[in-house]
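Enquirer: Could you look at this predicted model? Sequence included:
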Amino acid sequence: INAAGTKVLFDCTDAPYTETTGICEVGTDGSGFRRVAGPDDSPTGQQTSGSLHHADYGLSDDIIFEASWGAETLWRLNGSDPDPARVGQFNNDNSPCVLANGYIASLWLNRPEGAGDHELKIMTPDGDSYFMSVTDIDVADVGIGCGG
């Protein structure tokens, strides 16, 4: 749910029982349904298949999400640019949650110095700087979500 409490993001698909999902948005009053992005909206040079998951609003209502366009990576959509921009240079990065200060918490799988677990990473909004918050413990990414 966005900070104003007027819109919500969710995984969506037009085919039941599929793992190929996109990101949709609707007003909390039920109005304004739209498909934000799907597998075929990948940036130039990325696969046009896969799934988009775990969308969350950034501080300016930009949208941060995980996409598996070749590898699980984090992306940002903002209202002024229809093309997604990659957030950070981390592969196997998933389940993003935007924190109140704009930083992004996510689960990084197979960190080079790690044991192959999903570990909690906190990075700046642009993804240029990060620190590891929970390491050497596998954080389950099933049913995980953001809360405010």
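Expert: Sure thing, it's come through.

Enquirer: Need the residues that contact stretch 86-99.
Expert: With Cβ atoms under 8 Å, 6 or more residues apart in numbering as the test, stretch 86-99 has contacts from 43, 53-54, 56-59, 64-66, 71-76, 104-110, 118, 121-123, 125-128, 130, 141, 144-147. From N, CA and C alone the C-beta is placed, and that goes for glycine too.

Enquirer: Just the buried residues of those residues.
Expert: 53-54, 56-58, 64-66, 72-76, 104-109, 118, 121-123, 125, 127, 130, 141, 146 (16 or more other Cβ atoms under 10 Å).

Enquirer: start to end distance for stretch 113-130?
Expert: 14 Å (Cα to Cα, to the nearest Å).

Enquirer: Off-centre distance for it?
Expert: Centre-to-centre, stretch 113-130 and its host chain are 14 Å apart (Cα atoms, centre = their mean, to the nearest Å).

Enquirer: Go ahead and confirm residue 131 touches residue 119.
Expert: No. Assessed by Cβ atoms under 8 Å, residue 131 is found out of contact with residue 119, at 11.2 Å.

Enquirer: for this protein, what spans make up the strands?
Expert: Assigned by DSSP state E, the strands in the chain fall at 7-12, 22-27, 34-37, 52-57, 63-68, 72-78, 81-86, 93-98, 104-109, 118-123, 130-134.

Enquirer: Lowest mean pLDDT across the ones you listed, which one is that?
Expert: Ranked by mean pLDDT, the strands of the chain bottom out at strand 81-86, which scores a mean of 88.

Enquirer: mind checking how far the spatially most central residue of the chain is from residue 86?
Expert: For the chain, the residue nearest the mean C-alpha position is residue 65 (1.8 Å; Cα atoms, centre = their mean). According to Cβ to Cβ, to the nearest Å, residue 65 and residue 86 sit 11 Å apart.

Enquirer: Overlap of the contact sets of those two?
Expert: With Cβ under 8 Å, 6+ apart, residue 65 and residue 86 have common neighbours 74-75.

Enquirer: any idea which residue of the protein is furthest from its center?
Expert: Distance to centre of the chain, Cα atoms, centre = their mean, peaks at residue 29 (23.8 Å).

Enquirer: Just give the nearest non-adjacent residue to it, would you?
Expert: residue 6 (7.9 Å; Cβ to Cβ, 6 or more residues apart in numbering).
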